[in-house]
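**Q** could you look at this predicted model? Sequence included:
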Amino acid sequence: MDIPVYLIAGFLDAGKTSFINGILRDGFAAEDRTLLLCCEEGELGYDPHVLSNVFTYTIDEPEQMTPDFFKRLEKQYRPKQVIVEYNGMWSMEKLYREGLPANWILYQIMCLVDARTFEMYVKNMGQLMMEKITNADMLIFDHCNEQLRAQLRSRNLRMVNRRADIYLENEDGTSEEYVTPEMSPFDLSDGHLDVPDDDYGVWYVDMMDNPDRYDGVTVRYKAVMCHSKKFKGVHCPGRFAMVCCDKDMQFLALVCRGEGLENFKDKEWVKIHATVKKEKCDAYQGDGPVLYVSSIAATTKPANEMVSF
């Protein structure tokens, strides 16, 4: 029997225990026998009133987390689902690559972040912080105010994780989505955009998130040529982005169509003039921005080859 695993990640005092208490009060474990694994002890404990169908177990060291260990817990507690309150100082990679039994399915990763200390953690523990944000399916920043919301949005966290639902929980108890449909980082009123070299990443994320906004817009930008090995005949020039450190490299590629693209070698810098069309594309696994190239030429690389955030 497959057992869904819900991983709650975040550093100490990020609000993980409060979040777990909240979902349990809302009936998350009302019908299904639940195993709650606690990997760190915060100031707030679990509410005993919501633990009637929940069995808790404390994990003290990351080395404990092996498939055999979890299978013993499965045999002892017979859970239908598992919640893991994960220690913010532990790397997540070992757990989801090697630690879980084959029938324990990592169903959702939720990451909670205290907006007041986010910059401090990024500065001092950037790799640990970005690992959590990069892998999250849901990302919640709490204790937000106007200044912190602006700081978070200026970081363009959609670049770090495009698939996650991101929410900002405000100090007054209200919440809002990180990205709103009306937000646009560029003026597209005349139907054309010269993409600044330093803003390629911002443009890429906004266009991938909002392809309707760019449908029919002409663009001019610099990119590194790339010919897809996975999709035969697909040309996808883009730029390399450094999310947090040298180990967190991503290639931000855009599908291009037109004559002459095959004449340029992989990794050659090109200047592209194209019209954006939103359409279905296998490389995007659905709808996305396809750029119909009207002109392309070799060019010099930008002052900063790497896109950074």
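**A** Happy to help now that I have it. Numbers count the residues shown, from 1 in each chain.

**Q** out of the helices and strands in this structure, which is least certain?
**A** Sorting the helices and strands of the chain by mean pLDDT, DSSP states H and E puts strand 307-308 at the bottom, at a mean of 78.

**Q** need the contact partners of stretch 40-48.
**A** 12-13, 16-18, 20-21, 24-25, 36, 38, 54, 56, 58, 85-89 (Cβ atoms under 8 Å, 6 or more residues apart in numbering). C-beta: built from backbone N, CA, C; applies to glycine.

**Q** what about 6 Å?
**A** Thr17, Asn21, Asn87 (Cβ atoms under 6 Å, 6 or more residues apart in numbering).

**Q** same question, stretch 155-165
**A** Residues outside stretch 155-165 that contact it (Cβ under 6 Å, 6+ apart) are Ile133, Thr134, Ala136, Asp137, Met138, Leu139, Gly201, Val202, Val205, Val243, Phe309.

**Q** from these, which ones fall inside strands?
**A** Secondary structure from DSSP state E places Met138, Leu139 of those in strands.

**Q** reformat the contacts of stretch 155-165 as TSV; add pLDDT, distance to Lys280 and neighbour count.
**A** Below are those laid out as TSV (pLDDT from 0 to 100; distance: Cβ to Cβ, whole Å; neighbours: other Cβ atoms under 10 Å):
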residue	pLDDT	distance to Lys280	neighbour count
Ile133	91	30	21
Thr134	89	27	19
Ala136	94	28	25
Asp137	92	24	16
Met138	95	27	14
Leu139	96	28	25
Gly201	89	25	21
Val202	83	25	19
Val205	87	20	21
Val243	63	28	20
Phe309	56	29	16
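
**Q** any chance of the contacts of stretch 155-165 in TSV with distance to Asn145 as columns?
**A** Shown next, in TSV, are those (distance: Cβ to Cβ, whole Å):
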residue	distance to Asn145
Ile133	20
Thr134	25
Ala136	22
Asp137	26
Met138	21
Leu139	18
Gly201	26
Val202	24
Val205	24
Val243	26
Phe309	22
